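> sequence first, then the predicted structure, then my questions.
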Amino acid sequence: MRNLLTDLIKDLRLCLFLLLIAAIVGVLIGALWPCLVVALVIFITWQFYNLYRVYYWIRFYPQRNPPEINGALGDILFLLYRYQRQEKQAKAELINTIYRAQSSVSALQEAVVLINHQQHLEWWNPAAEELLGLQSNDRGRPVLNIIRHPDFTDYLENPQHYPHGIKLASWVKAQHFIQCEMTQFGGNQDGVAGYSQHEYLLIVYDVTPLHRLEQMRKDFVANVSHELRTPLTVLSGYVEMLSDQDDFNPRWQRGFAQMQQQTQRMTAIIDDLLLLSRLENEELGNKDQRIDVASLLQQLFTDAQAYNLDYGHTLTLDINSPFNVRGSAHEIASAFSNLMTNAIKYTPKGGKIHIGWQQQGEQAYFYVQDNGIGIEAQHIPRLTERFYRIDSARSRDTGGTGLGLAIVKHVLAQHGAQLEISSIVNQGSTFKVIFNQAQLIE
Ligand code: ADP
């Protein structure tokens with residue numbers, strides 16, 4: 001390793017040596033000062049010449065080896081050369097990493113699209129060309145000009161409303177479906193006003209097989225329910241007719257009563273399954289109806305009081321919000337009524353049930369609070385699954401189908417509302433349906 005200080009001393013020694021020779025020659029020829037000046041000029045010229053070599057190397061041939069120079073200047077040159085080599089190596093490694101990242105992303109079957117903070121397309125892999133129909137001249141174009149779908153526009157503006165991304169019908173291949181999932185990254189504080197300063201990574205993949213399977217499942221459930229309905233109606237009709245006969249044998253009374261009860265239960269399950277199918281296929285009524293929440297709740301409250309006769313609970317209704325809801329009145333009524341009847345069913349006789357419509361900032365929520373049996377925490381996330389029941393026997397005894405909360409979940413999803421459940425075992429439960437500003441009207 002070269003040392004700058006020793007090289008400086010060497011340079012100084014060389015200079016002194018030159019001056020000494022010049023002084024001796026000067027004394028001998030009787031011209032001391034001119035000889036000293038000549039020696040100094042030679043030394044300085046030599047230094048300038050070396051400086052020029054360094055400049056020449058940096059300016060024209062930085063990729064070649066540096067010139068051989070002794071002394072302090074050579075030392076500085078050596079350091080420069082070393083940094084230059086390190087930087088070259090780091091750059092090569094970086095390029096290699098970028099190349100490898102790009103080629104692995106290019107090999108993906110999923111489309112990967114980079115969208116800049118102005119929501120313009122910046123980069124994509126070959127799969128994006130196939131799945132989204134992107135072409136090379138689309139670079140720099142607004143993504144919303146390429147993906148012209150109202151759901152995608154909403155997704156881009158409010159990604160927080162779509163935690164699982166969105167599914168869209170493909171515009172490139174007929175009968176195909178794609179799933180879009182977007183991640184925001186980056187973020188610049190001093191950005192241009194009006195633009196979100198985040199960049200986006202959009203990942204898109206083909207979900208057609210999954211969609212077909214899902215459709216098959218939906219069709220299967222809808223068809224089976226539909227097919228079972230007619231024979232069931234015939235059966236229950238005959239059961240009722242036979243048990244109404246004058247010469248009906250009393251020995252059969254219990255059996256027939258049970259048959260009647262079970263056919264009614266099956267009819268209720270089939271009706272719920274058909275309603276779920278309709279909700280899943282978005283065959284709702286008009287979703288743009290103005291629902292007068294206060295009068296809807298009054299009406300449901302009267303129904304609940306009638307249902308409550310066997311249970312003897314104290315029911316209260318508290319309306320504390322002037323907001324109304326935009327949606328399908330029939331479906332919202334069935335969701336609210338499901339929550340009310342559940343509270344009545346799952347509270348031991350003589351309980352207290354509070355029903356209300358409350359305002360909270362820009363949101364409003366419907367709630368049903370009971371002091372019933374409560375729900376253990378581990379069951380809460382699964383309550384809205386079809387046929388999920390904590391106690392099947394109890395649910396059956398109360399005429400439950402295990403589909404009520406699944407229906408509630410679907411109705412609310414169609415209205416962009418959320419269900420919040422909190423409960424303490426043996427103390428009671430609260431079911432809240434929260435509506436955002438977008439679903440509320442004055
Ligand atoms: P079900 O027809 O069985 O009532 P739901 O889907 O309406 O079906 O409810 C699913 C399960 O959630 C019920 O079986 C019950 O165990 C539980 N549940 C619902 N509401 C309440 C409540 N208010 N208190 C306690 N448990 C409840």
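Nice, I can see it.
> buried sites along stretch 213-228?
By 16 or more other CB atoms under 10 Å, the buried positions in stretch 213-228 come out as 221-222, 225, 228. From N, CA and C alone the C-beta is placed, and that goes for glycine too.
> hmm, I typed the wrong one, I wanted stretch 98-109.
Applying 16+ other CB under 10 Å to stretch 98-109 flags Val105 as buried.
> the residue lying closest to Pro126 once chain neighbours are set aside: helix or strand, and which one exactly?
Once flanking residues are discounted, Pro126 sits nearest to Ser106: 5.7 Å by CB to CB, 6 or more residues apart in numbering. Secondary structure from DSSP states H and E places Ser106 in helix 71-107.
> chain center to that helix: distance?
38 Å (CA atoms, centre = their mean, to the nearest Å).
> tell me what that helix is packed against?
Contacts defined by 3 or more CB pairs under 8 Å, 6 or more residues apart in numbering; DSSP states H and E place helix 71-107 against helix 4-29, helix 32-60.
> okay, now the sheet partners of the next helix or strand after it, with direction.
Toward the C-terminus, helix 71-107 is succeeded by strand 111-115 as the next helix or strand (DSSP H and E). Applying DSSP bridges to the sheet, strand 111-115 is found paired with strand 121-124 (antiparallel), strand 199-206 (antiparallel).
> and the residue lying closest to Gln109 once chain neighbours are set aside, which helix or strand is it part of?
Among residues not flanking Gln109 along the chain, Ala127 sits closest, at 5.7 Å (CB to CB, 6+ apart). According to DSSP H and E, Ala127 maps onto helix 126-132.
> and the next element down the chain from that helix?
Downstream of helix 126-132, the first helix or strand assigned by DSSP H and E is helix 143-146.
> TSV for the helices and strands packed on helix 71-107, including mean pLDDT, mean neighbour count and distance to Lys173?
Output for the helices and strands packed on helix 71-107, formatted as TSV (pLDDT from 0 to 100; neighbours: other CB atoms under 10 Å; distance: least, CB to CB, whole Å):
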stretch	mean pLDDT	mean neighbour count	distance to Lys173
helix 4-29	90	14	68
helix 32-60	91	13	56
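> of the ones you listed, which is nearest the ligand?
helix 32-60 (78.1 Å; CB to the nearest ligand atom).
> show me what that closest one is packed against.
When contacts are defined as 3+ CB pairs under 8 Å, 6+ apart, helix 32-60 packs onto helix 4-29, helix 71-107.
> and these as JSON lines, adding distance to Gly400?
Shown next, in JSON lines, are these (distance: least, CB to CB, whole Å):
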{"stretch": "helix 4-29", "distance to Gly400": "88"}
{"stretch": "helix 71-107", "distance to Gly400": "50"}
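> I'd say Val172 and Gly133 touch.
Yes - in terms of CB atoms under 8 Å, Val172 counts as a neighbour of Gly133; the distance is 4.3 Å.
> dump the helices and strands packed on helix 71-107 to CSV, plus distance to His149.
Listed next are the helices and strands packed on helix 71-107 as CSV, based on distance: least, CB to CB, whole Å:
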stretch, distance to His149
helix 4-29, 66
helix 32-60, 56
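> rebuild the ones you listed as TSV, extending it with distance to the ligand.
Shown next, in TSV, are those (distance: least, CB to the nearest ligand atom, whole Å):
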stretch	distance to the ligand
helix 4-29	81
helix 32-60	78
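> identify whichever of these lies nearest to Leu296.
Proximity to Leu296 (CB to CB) singles out helix 32-60 among those, at 82.1 Å.
> and the closest one, how far from the chain's centre?
With CA atoms, centre = their mean, you get 68 Å for helix 32-60.
> show me where the stretch 301-442 of the chain has helices.
329-345, 392-397, 404-414 (DSSP state H, counting those that start in this stretch).
> and the residue of the stretch 151-300 of the chain nearest the ligand?
The nearest approach of the stretch 151-300 of the chain to the ligand comes at Asp272, 8.3 Å away (CB to the nearest ligand atom).
> distance-wise, check that residue relative to Ser429.
21 Å (CB to CB, to the nearest Å).
> who's more crowded, the two?
Relative neighbour count places Ser429 above the other of Asp272 and Ser429, with 24 against 21, counting by other CB atoms under 10 Å.
> the helices of the stretch 301-442 of the chain: lowest mean pLDDT?
Lowest mean pLDDT within the helices of the stretch 301-442 of the chain: helix 392-397, a mean of 74.
> how about the residues of this protein by the ligand?
Within the chain, the positions near the ligand by CB under 6 Å from any ligand atom are 338, 342-343, 346, 370, 372-373, 375, 383, 388-391, 395, 400-406, 429.
> just the buried ones from these, in ChimeraX syntax?
Only the buried entries of the residues of the chain next to the ligand go into this ChimeraX selection, using 16+ other CB under 10 Å:
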select :338,342,343,346,370,372,373,375,383,388,389,390,395,400,401,402,403,404,405,406,429
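> show me how far stretch 239-248 is from its chain's centre.
With CA atoms, centre = their mean, you get 59 Å for stretch 239-248.
> actually stretch 246-255, not the one I wrote
Counting by CA atoms, centre = their mean, stretch 246-255 is centred 61 Å from the centre of its parent chain.
> list the contacts of it.
242-243, 256 (CB atoms under 8 Å, 6 or more residues apart in numbering).
> now with 10 Å, please.
239, 242-243, 256, 259 (CB atoms under 10 Å, 6 or more residues apart in numbering).
> residues in contact with the residue nearest the centre of the chain?
In the chain, the residue lying closest to the centroid (CA atoms, centre = their mean) is Pro163, at 3.3 Å. Neighbouring residues of Pro163 by CB under 10 Å, 6+ apart: Glu181.
> assign it to helix, strand or coil.
Counting by DSSP: H, G, I helix; E, B strand; the rest coil, the backbone at Pro163 sits in coil.
> now do the same for it: its pLDDT.
Looking at Pro163, its pLDDT is 85.
> alright, calling it a day.
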